Each structure stands twice: as structure tokens, then as C-alpha cells.
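Q: below is the structure, and that's it, no one-letter string:
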């Protein structure tokens, strides 16, 4: 008998590409986690969790199918699809689990995130504390849904000018002010970028600290929505892995006097970091190297390979001392 798990479902969509949920489901043998128009507009950011709905069932089988229909506001199109999931991959992920950095106990994933992107691209992730893994990527097809055939709670999607109001009227607060400003200045991102985000390179994090310091942990999120949290054994055992390009990261360390410090790379410059990784290519082993100077006041970042060093100059970096 297969083990059952507690899990919930949620939806992710790019901040620049709001998606309106029409209907959907994450399907297991004994349970279906459903979505409909009550979930509304989603654009929390690619790979980020949206809202969740609690369920009465305590533990469920792992899902084997995903189906989804949604309205892409920017494209003014409905997309739909139904896909079989790799249940063995999901089972192995949940059984393997990971150690929670806060509790120092083995745990596993607790939710599934359905990512909806332009051109009908769909990604499914499994998420747990400090960790997120891609389960699979799928392709939906566009479809026509008429107001006459739509169910009652979804009728609002067919009101004249609905998409334009959601996209252009600031009173609806569809976009954060900085996202709206960026769209007005630069336009919408290339619709293909969410597939580009999935490209993987052979890299690992490397931190160079002043003499006598101890590296404590390293957490990072990649552009493809995956997330890792390395500490203790996982940090010591970490090696080169096929990973997507990092979006942001942070780590703690102690100096020789046991003072604790933190560095946060709040964001890489997307254009710069992609150009650097793509220039090196996915055949090389890459050290994402972060070096702290001798008095713990400055940080430099570079990609280092056998071919040489490639400085990262445009990342937004914060360094601070922590009081325990």
C-alpha cells in the first residue's frame, strides 16, 4: 500500500502576465484538488505560491494527473489541457524529502504549485520548507469558450473590456506599481522567456571567507522556480548539479570571533547573469563564487570555470552583521 501525504495546491503566474483561473484539478486516486473562478486573477510571480484552499481530507494519495483551463489576460486567450504526471518521480521526491533547516528533522513536500505562462506553457512544482523542485513542464492548447456556455461564476471574464480594465486600470491593483512602471517603459517580457528560464547549467555555490571563518548555510532560488536550502551535511556534500540560473541567494557565516554575518544577493541583473552563464555554456563546471573581504565589509561575485573568471557586477547585494 502506497504511503499517503498531506498536500495542498496553488497557482503561480508571472507578475507581468496575469492569468484568470477558469477551472482545473490536481487529480489523485482518492482525491481531486479543484480550482475554479473563485481563485480569481493570479500573478504572484513565477514559481511563487498563490492562495491555497484547505481540504478536509487529512492524507491523500499522490497525484497522477493535472488538468487546467485559464484565461491569459495579456493574450486575451483561453488555454486548456490535461496531462498525465510522472507519479514515480513524484513518489521518489516525497519519499526522499529533505532536512528542514529550522527543525533539523527530515520532512517532505507539502504543496503542488501549478505555473501558468504565456503561449499555454505549464510547469508543476513540488514545494516544501526551503525547497522547491520542478516535476514537469507541459503544453496547453488555446480554446474557445463562449459566455453562453461558461458557468455562472465565470461569467465576469466575458464582460466587455474585462481584460483591458484589469491590465490598464490602476484601481484594480493587478500589478504592483514597480511592475506596472516596468511594463509601461519596456513592454511585456518575451513570451518565450519562461521556457528559457528552464535551461540548466552545471554549477555549485562557493563562498570564500576571511581566515578562521565558518560558512553556515546557503539558500537560493533559481529563475525556473526551483529552490534549495543547503546547510550542515547538505552544504558539505554539495557538488556540481544541473541547475537553472540563480535569481537570488543568501548565506550566513561566523568570523573567527564567532560574530555572525549575512549576505543577501536580493537580485541578479537578469540580462547580465544570463549572458554570463550562456557565454560559458552548459558543458563547463561553474563555481558561483562569492568572496567576502578580510574585514567582512565588502563582497564580490563571479563565475569561475577552467576557462577563467567572469565578474558579476550588477547584482544588488546586502551585507550585515547579525546579533544572536
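A: Structure's in. What do you need? Just so we're clear, the structure is a prediction, and the values are computed from it rather than from any experiment.
Q: which residues are in contact with residue 45?
A: Residue 45 makes contact with 12, 14-15 under the criterion C-beta atoms under 8 Å, 6 or more residues apart in numbering. C-beta: built from backbone N, CA, C; applies to glycine.
Q: and those residues as a markdown table, adding distance to residue 266, pLDDT and neighbour count?
A: Compiled in a markdown table, those are given as follows (distance: C-beta to C-beta, whole Å; pLDDT from 0 to 100; neighbours: other C-beta atoms under 10 Å):
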| residue | distance to residue 266 | pLDDT | neighbour count |
| --- | --- | --- | --- |
| 12 | 20 | 97 | 24 |
| 14 | 19 | 97 | 26 |
| 15 | 16 | 97 | 19 |
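Q: among the residues you listed, name the ones in strands.
A: The strands in this structure, assigned by DSSP state E, contain residue 12 from those.
Q: what's the pLDDT at residue 56?
A: Listed pLDDT for residue 56 reads 69.
Q: for residue 1, same thing?
A: 69.
Q: show me the shaky parts of this structure.
A: Applying pLDDT under 70 to the chain picks out residues 1, 56-57, 324.
Q: spatially central residue in it, please.
A: Among the residues of the chain, the one closest to the centroid is residue 225, at 2.1 Å (C-alpha atoms, centre = their mean).
Q: ok, now how distant is that one from residue 296?
A: Residue 225 sits 32 Å away from residue 296, going by C-beta to C-beta, to the nearest Å.
Q: just residue 278 next, same as before
A: 33 Å.
Q: likewise residue 176?
A: Distance, residue 176 to residue 296, by C-beta to C-beta: 34 Å.
Q: again, but for residue 99
A: Per C-beta to C-beta, residue 99 is found 28 Å from residue 296.
Q: please apply the same query to residue 151.
A: Residue 151 is 59 Å from residue 296, by C-beta to C-beta.
Q: cool, residue 157 as well?
A: Taking C-beta to C-beta, one finds residue 157 at 54 Å from residue 296.
Q: and for residue 118?
A: 44 Å.
Q: which one's more surrounded, these two?
A: A direct count of neighbours by other C-beta atoms under 10 Å for residue 118 and residue 296 places residue 118 higher, at 23 against 18.
Q: quick one, what contacts that one?
A: By C-beta under 8 Å, 6+ apart, the neighbours of residue 118 are 14, 17, 72, 74-75, 191, 194.
Q: quick check, residue 163 in a helix?
A: Yes - applying DSSP: H, G, I helix; E, B strand; the rest coil, one finds residue 163 inside a helix.
Q: which one is it nearest to, not counting chain neighbours?
A: Using C-beta to C-beta, 6 or more residues apart in numbering and skipping residues adjacent in sequence, the residue nearest residue 163 is residue 73, 4.5 Å away.
Q: repeat for residue 254
A: The spatial neighbour of residue 254 that comes closest, neighbours along the chain excluded (C-beta to C-beta, 6+ apart), is residue 214 at 4.8 Å.
Q: Three-state assignment for residue 157, please.
A: At residue 157 the chain is in helix, as set by three-state DSSP.
Q: pretty sure it sits against residue 18.
A: No - using C-beta atoms under 8 Å as the test, residue 157 is too far from residue 18 to be in contact (12.0 Å).
Q: those two: which is more packed in?
A: More crowded of residue 157 and residue 18, by other C-beta under 10 Å: residue 18, with 23 against 20.
Q: please report how far that one lies from residue 117.
A: 12 Å.
Q: do residue 277 as well
A: For residue 277 relative to residue 117 (C-beta to C-beta), the value is 21 Å.
Q: hmm, back to that, quick one, phi/psi of the residue nearest to residue 254?
A: phi -130, psi 120 (degrees, to the nearest 10).
Q: in this structure it contacts residue 253, no?
A: Yes - using C-beta under 8 Å, residue 214 is in contact with residue 253, at 6.1 Å.
Q: tell me which of these two has more neighbours.
A: residue 253 (20 against 12).
Q: list the beta-bridge partners for the more buried one.
A: In this entry, residue 253 is beta-bridged to residue 215, residue 261, by DSSP bridges.
Q: try residue 322
A: Where residue 322 sits in a bridge, its partners, by DSSP bridges, are residue 260.
Q: next one: residue 8
A: Taking DSSP bridges as the rule, residue 8 bridges to residue 111.
Q: with residue 99 instead?
A: Residues in beta-bridge contact with residue 99 (DSSP bridges): residue 106.
Q: for residue 34, give me its contacts.
A: 23-25.
Q: now the phi/psi pair for it, please.
A: Dihedral angles (degrees, to the nearest 10) for residue 34: phi -100, psi 160.
Q: gap between it and residue 3?
A: For residue 34, the distance to residue 3 - C-beta to C-beta - is 23 Å.
Q: any idea which element the closest residue to residue 227 other than its chain neighbours lies in?
A: In this structure, residue 227 finds its nearest non-sequential neighbour in residue 132, 3.9 Å apart by C-beta to C-beta, 6+ apart. Taking DSSP states H and E as the criterion, residue 132 maps to strand 131-139.
Q: list the strands paired with the helix or strand following that strand, with their directions.
A: Proceeding N to C from strand 131-139, the next assigned helix or strand is strand 141-143, under DSSP H and E. Counting by DSSP bridges, the strands paired with strand 141-143 are strand 77-84 (antiparallel).
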